[in-house]
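In: this one's sequence-less:
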């Protein structure tokens with residue numbers, strides 16, 4: 001899965017509140033993880049867990065690379 005769409009949003013100087021976008025993405029990631037830990041969506045758990053890991057890696061990458069947010 002590619003996060004090119006998110007990278008393009010992050011680099012667009014016309015995008016308002018880029019930091020808010022990353023914050024919201026992290027909140028959504030945490031919500032997803034919490035619900036997976038509660039046992040929701042067992043039929044697609046592995047796919048959602050993989051998505052959560054990719055989102056987490058993306059957020060860490062943005063923070064480590066000091067993308068202007």
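Out: Arrived safely. Quick caveat: nothing in here was measured; it's all calculated off a predicted structure.

In: Tell me the secondary structure at the residue most central in space within the chain.
Out: With distances taken as Cα atoms, centre = their mean, residue 55 lies nearest the centre of the chain, 3.4 Å away. With DSSP: H, G, I helix; E, B strand; the rest coil as the basis, residue 55 sits in helix.

In: For residue 22, see how far away it is.
Out: Noted for residue 55: a distance of 10 Å to residue 22, by Cβ to Cβ, to the nearest Å. Quick note: C-beta positions are derived from backbone N, CA and C, even for glycine.

In: And for residue 62, the neighbour number?
Out: When counting by other Cβ atoms under 10 Å, one arrives at 20 neighbours for residue 62.

In: Which positions within whatever helix or strand it lives in qualify as buried?
Out: Using DSSP states H and E, residue 62 sits in helix 45-64. If you call a residue buried by 16 or more other Cβ atoms under 10 Å, then helix 45-64 has these buried ones: 48, 52, 55, 58-59, 62.

In: tell me the contacts of the residue sitting furthest away from the middle of the chain?
Out: Taking Cα atoms, centre = their mean, the residue of the chain most remote from its mean C-alpha position is residue 43, at 21.7 Å. If a contact means Cβ atoms under 8 Å, 6 or more residues apart in numbering, then residue 43 has no contacts.

In: now it, what's its secondary structure?
Out: Assignment for residue 43 (three-state DSSP): helix.

In: do you know how far it is from residue 18?
Out: Taking Cβ to Cβ, one finds residue 43 at 35 Å from residue 18.
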